[in-house]
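> Sequence below, structure please.
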Amino acid sequence: MIKALNLIGNILFACLFIYLTSCASYRYKANVEDEKTPTLSDGWSQLDDSNYLVVHSGDQMMELYEVSFNENEKIVSGKLKPFVGLPLEYYNKIPDKSRNKKQPRKPGKTDKDAVKQIHFMLTDNFDLSSNEISFQLAEIRNVALSKSATPNSSIVGIVAGSTVVAFGTFLAIACSCPHVFINDGDEVKKVNSLYTGAKASQLERSDLKKLPDYFSDQSSFSLTITNEENEDQFTNMVELVVVNHDENVTVEADMDGNIYTILKPRSSVSEEDSDYVLARISAKDESSYKFDSDVADGLSTISLEFQNPLREKTGKLVMNLKNTQWSGYVYNEFSSLFGSKYVKWIEKNEDKSKEEREQWMREQGIKLLVEMKTEEGWQQIDEIELLGDITYNSVVVPFEIKNANQNVEFRLKSGFRFWDLDFAGVDYSKQDELNVTVIKPNSATGNKGEDFLDVLLADDEVYMKHLGMDSSTELKFEGLPVSSEMERTVFLRAKGYYISKQEYLGKVDRAKLKNFKNPGELSRFSQELYQNVFYNNLVTK
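I've put the predicted structure just below:
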């Protein structure tokens, strides 16, 4: 019996490890003849006994209990009830590990057990308003496990029909910062985020994010800026930048908000781990590289080489990027080291200059560093600010070559699994003339009736304030140029900052915190957390 359970545990770990390191899904078929081997039905019951199970479908969320599993038809069945109380609190907020002193929620499960949760994201066609549910394994889109969850052999069955996407934490702690929503005619979609990483007034900055243009034949445009996080958000100004251009090119922006035409970027021809990395960054297909190389000496680094057959002296490095959800988890775990002193740490940091704070972000790999190989050696030519994890954003890094060679080489540096690189290419095409129109909002109405229009029109000391969760503002723009002969691309320029209202419990871990003065420590911390999740939490003990 013990050998059989160990075998299943080893297979479980192998399945999860292969998926999480290769971004592919694999199928597993058991062929164990020992009649004493636990069945998958037993495994699901054990899963129910050891964890809070939650099912999601669309915006619905319910707790699943009294679970059974039909092995022949691969159908999970169970009863439903509202997901409430302490488990919901832990879902919405990563708890301090010492918070286990309250009375048990119910016999057999303590407050500490409330953090043991497994969430199943089902396809969006389930009605969770009834008291019971049945679904096939293939109808599980993905699975999210809390860091303390205790999965067992039945997870092998889950992996066979779905994707484990949020190990170690919940999707609820993903990207902080304002979120942008647009109605595409059928539904309201979350399409991007604003000034991600500007977590203090000193770090206030503007960014230029591309938005989907669902109605390119119309001169009006509407969007909503929403605070979905436990933070206060301060937006200084907002405007649309509308570009009409030839349909043969795309237009993208650099970190300074300059807009470039991109014709046909060349993909990289070599990289140190070419087969692994190049296959993931050669096309915009969301098969990406997540900077998961060893960081014993600091940051995760990759070197890319591009052909330059005509020996051009200028070009544009084009990258399709976003931040990982894992990076949000890592920063949350780092913040929790301050315990109950976290708020005081936030207040103390108000005395630090922008330069000091940005230098720390640079050293820890929070910003993506871009270096280019020159005759004098590797030189940093740009750094990419946080972009958020909602969607991929294309970023241009212009470059010049003093003595052009046949190839041009770049080096990218990131904290361990902080960035998600979907594509990298070099474009040598000449810049086209662009028809650029800046559109100020015509109205800005808060969800409580506030009129924020005047405070958003100019870059000044006056802000639209979204204080706390569920604050939102709808903005409407008029007068966008419409052309039947040219393509239209819409960017949103916004400037602001935000301040976390998160609180933690427990004592300050001073011994561990002092290490974060060292460059690359947050990156090493990330790798240690990642390994801990694999070896200590995903495999049944």
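
> pLDDT on stretch 297-307, on average?
Here stretch 297-307 scores 91 as its mean pLDDT.

> The residue nearest to residue 301 when sequence neighbours are not counted bridge partners, please.
Distances taken as CB to CB, 6 or more residues apart in numbering put residue 413 closest to residue 301, at 5.0 Å, once the chain neighbours are dropped. In this view, the C-beta of every residue, glycine as well, is placed from N, C-alpha and C. Beta-bridge partners recorded for residue 413 (DSSP bridges): residue 301, residue 369.

> Quick check: residue 413 touching residue 368?
Yes. Contact criterion CB atoms under 8 Å: residue 413 and residue 368 qualify, at 7.2 Å.

> So for residue 534, what's the pLDDT?
At residue 534, pLDDT is 54.

> Oops, could you answer that again for residue 460 instead?
Reading off the confidence values, residue 460 has pLDDT 95.

> hang on, it in a helix?
No. Residue 460 is assigned coil when assessed by DSSP: H, G, I helix; E, B strand; the rest coil, not a helix.

> From residue 430, how far out is the residue nearest to it when sequence neighbours are not counted?
Nearest residue to residue 460, sequence neighbours excluded (CB to CB, 6+ apart): residue 236, at 7.0 Å. Using CB to CB, to the nearest Å, residue 236 is found at 35 Å from residue 430.

> Tell me which of the two has more neighbours.
Shown here are residue 236 and residue 430; by other CB atoms under 10 Å, residue 236 has more neighbours (21 against 8).

> Residue 322 is in contact with residue 384, isn't it?
No. With contact defined as CB under 8 Å, residue 322 does not reach residue 384; the gap is 10.7 Å.

> so what sits against both of these two?
Overlap of the contact sets of residue 322 and residue 384 (by CB atoms under 8 Å, 6 or more residues apart in numbering) consists of residue 419.

> Could you verify my assumption that residue 61 touches residue 54?
Yes. Contact criterion CB under 8 Å: residue 61 and residue 54 qualify, at 6.2 Å.

> Looking at these two, which is more packed in?
residue 54 (21 against 16).

> if we can go back for a sec, hey, what's in contact with both of residue 61 and residue 54?
residue 83.

> Break down the stretch 51-200 of the chain into its strands, ranges please.
Assigned by DSSP state E, counting those that start in this stretch, the strands in the stretch 51-200 of the chain fall at 52-57, 60-70, 75-82, 117-122, 132-136, 140-145, 163-164, 179-183, 188-193.

> and the fifth one, what's its mean pLDDT?
On average, the pLDDT along strand 132-136 is 91.

> Name the helix or strand for residue 380, please.
Assessed by DSSP states H and E, residue 380 sits inside strand 377-384.

> and the next element down the chain from that strand?
Strand 377-384 is succeeded, C-terminally, by strand 393-400 (DSSP H and E).

> what's the burial count for residue 79?
Residue 79: 14 neighbours (other CB under 10 Å).

> Hmm, residue 66 and it touching each other?
Yes. Judged on CB under 8 Å, residue 79 makes contact with residue 66 at a distance of 4.8 Å.

> Name the nearest residue to residue 220, sequence neighbours excluded.
Nearest to residue 220 is residue 478, by CB to CB, 6+ apart, at 5.4 Å.

> how much space between the one you found and residue 243?
Using CB to CB, one gets 18 Å for the distance from residue 478 to residue 243.

> Please identify which of these two sits among more neighbours.
residue 243 (20 against 13).

> quick revisit: between residue 322 and residue 384, tell me which one has more neighbours.
When residue 322 and residue 384 are compared for neighbours, residue 322 comes out ahead with 24 against 20, by other CB under 10 Å.

> tell me the phi and psi of that one?
phi -160, psi 170 (degrees, to the nearest 10).

> So what sits opposite it in the bridge?
residue 420.

> As a check, name the ranges of all helices in the stretch 151-300 of the chain.
Secondary structure of the stretch 151-300 of the chain (DSSP state H, counting those that start in this stretch): helices at 154-161, 274-281.

> worst average pLDDT in these?
Ranked by mean pLDDT, the helices of the stretch 151-300 of the chain bottom out at helix 154-161, with a mean of 45.

> Next one: the nearest residue in space to residue 53 that is not next to it in sequence from residue 462, what distance?
In space, and not counting its chain neighbours, residue 53 is closest to residue 64: 4.2 Å by CB to CB, 6+ apart. To residue 462, residue 64 is 49 Å away according to CB to CB.

> same thing with residue 380?
Taking CB to CB, one finds residue 380 at 35 Å from residue 462.

> more neighbours, the two?
Neighbours were counted for residue 380 and for residue 462 using other CB under 10 Å; residue 462 has more, 15 against 12.

> Got the phi and psi for that one?
Torsion angles, degrees, to the nearest 10, at residue 462: phi -110, psi 140.

> Spatially, which residue comes closest to it, not counting chain neighbours?
Spatially, and ignoring its direct neighbours in sequence, residue 462 is nearest to residue 455 (4.5 Å; CB to CB, 6+ apart).

> which ones are touching that neighbour?
Contacts of residue 455 (CB under 8 Å, 6+ apart): 462-464.

> from those, which is closest to residue 146?
Nearest to residue 146 among the contacts of residue 455, counting by CB to CB, is residue 464 at 34.9 Å.

> if I pick that closest one, what's in contact with it?
Counting by CB under 8 Å, 6+ apart, residue 464 has contacts 225, 234-235, 238, 444, 446, 452, 455-456, 473, 496.

> rewinding a little: just send the strands of the stretch 51-200 of the chain back as a markdown table, with distance to residue 439 too.
Below are those laid out as a markdown table (distance: least, CB to CB, whole Å):
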| stretch | distance to residue 439 |
| --- | --- |
| strand 52-57 | 37 |
| strand 60-70 | 38 |
| strand 75-82 | 45 |
| strand 117-122 | 37 |
| strand 132-136 | 46 |
| strand 140-145 | 37 |
| strand 163-164 | 40 |
| strand 179-183 | 15 |
| strand 188-193 | 17 |
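
> and those strands, which one is worst for confidence?
strand 163-164 (a mean of 43).

> how near is residue 312 to residue 330?
From residue 312 to residue 330 the distance is 39 Å (CB to CB).

> Could you do residue 42 as well?
For residue 42, the distance to residue 330 - CB to CB - is 36 Å.

> now residue 277
22 Å.

> between these two, who's got more neighbours?
residue 330 (26 against 22).

> Toward the C-terminus, what is the element adjacent to the lowest-mean-pLDDT helix or strand in the chain?
When the helices and strands of the chain are scored by mean pLDDT, DSSP states H and E, helix 2-22 comes last with a mean of 35. Moving toward the C-terminus from helix 2-22, the first helix or strand encountered (DSSP H and E) is helix 40-50.

> Show me how far that following helix is from its chain's centre.
Chain-centre distance of helix 40-50: 31 Å, with CA atoms, centre = their mean, to the nearest Å.

> any low-confidence regions in the stretch 151-300 of the chain?
Applying pLDDT under 70 to the stretch 151-300 of the chain flags the ranges 151-175, 271-273, 296.

> What's the local residue count around residue 185?
Using other CB under 10 Å, residue 185 has 7 neighbouring residues.

> Likewise for residue 389?
Look at residue 389: counted by other CB under 10 Å, it has 19 neighbours.

> Now stretch 270-284: buried residues?
Residues 271, 277-278, 280-282 are the ones in stretch 270-284 that count as buried (16 or more other CB atoms under 10 Å).

> try stretch 235-249
235-245, 249.

> that older thread, surely the residue nearest to residue 220 touches residue 218?
No. Here residue 478 lies out of contact with residue 218, judged by CB under 8 Å, at a distance of 10.0 Å.
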